[in-house]
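Asks: Sequence first, then the predicted structure, then my questions.
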Amino acid sequence: MFRDRKAATVKYPVREGLAQARHSAVHLEMRDRYTPNDPEFARWRAGHRYANDPANLPGWWGPWRDLVGETTARGVTMRRARIVSEPVTDYIQYEHDMTFANVAAGELVRWLPRRKAADLALPGTDLWMFDGSAVLFTFFSGDGDVVDREWSSEPAVLELVSTAFEAVWERATPHEDYKLT
């Protein structure tokens, strides 16, 4: 499928993974802050809200919504788990506020406070895993900007990622029930 290559050779590696997925796509997020210069985050910090209405989302959202819709329509289950520190950062508040759009598009989303993940063996960075057969690791700068991505299909890596994600998923709270602290 993706055979251990640098993802930099593919313009949109997550889209590639989702296009090829047949039954599952899982996304594990473990940072408390991403893309600090995101203009949408700046708008949110200035008080802009979308009032839980996907129809009011900016234009950039449409392609992701469509991709998720196409992917889930093929029978692929998309799950996203977020491990977060509490009290949460302003960026996590922003993500929580915007997650209604992920759910409306067809993703299943859960949240796990970091202290409830302390005894889990976790990969060292965020990732996507497709059909349990390929993992796309995303590497970030300290400020939260993406600096590189890399595929792996090594059996030991797949086992670690699968076990870690399922443990997080089992402990995590569904989005609609997770209250920010």
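Replies: Everything's here; your move. Numbers count the residues shown, from 1 in each chain.

Asks: Going by contacts, tell me the helices and strands next to the strand or helix carrying residue 137.
Replies: Using DSSP states H and E, residue 137 sits within strand 134-140. Here strand 134-140 touches helix 13-20, strand 127-130, strand 146-152, helix 155-171, going by 3 or more CB pairs under 8 Å, 6 or more residues apart in numbering; DSSP states H and E. C-beta here means a position set from N, CA and C on the backbone, and glycine is covered the same way.

Asks: So which of the ones you listed is nearest residue 44?
Replies: strand 146-152 (19.7 Å; CB to CB).

Asks: Which positions within that closest one qualify as buried?
Replies: 149, 150, 151, 152 (16 or more other CB atoms under 10 Å).

Asks: And the residue nearest the centre of the chain?
Replies: residue 27 (4.2 Å; CA atoms, centre = their mean).

Asks: Just give me the neighbour total for the nearest residue to that residue once chain neighbours are set aside.
Replies: Spatially, and ignoring its direct neighbours in sequence, residue 27 is nearest to residue 80 (4.4 Å; CB to CB, 6 or more residues apart in numbering). With neighbours defined by other CB atoms under 10 Å, the count for residue 80 comes to 21.

Asks: Give the full set of residues in contact with residue 80.
Replies: If you count contacts by CB atoms under 8 Å, 6 or more residues apart in numbering, residue 80 has them with 26, 27, 29, 102, 107, 108, 109, 110.

Asks: Residue 70: which of those is nearest?
Replies: residue 107 (12.9 Å).

Asks: Could you list the low-pLDDT ranges of the protein?
Replies: Along the chain, the model assigns pLDDT under 70 to residues 1-10.

Asks: all helices of it, in order?
Replies: 13-20, 39-45, 61-73, 90-105, 155-171 (DSSP state H).

Asks: so which of these comes closest to residue 115?
Replies: Short answer: helix 155-171, nearest of those by CB to CB, at 10.9 Å.

Asks: Fine by me, thanks again.
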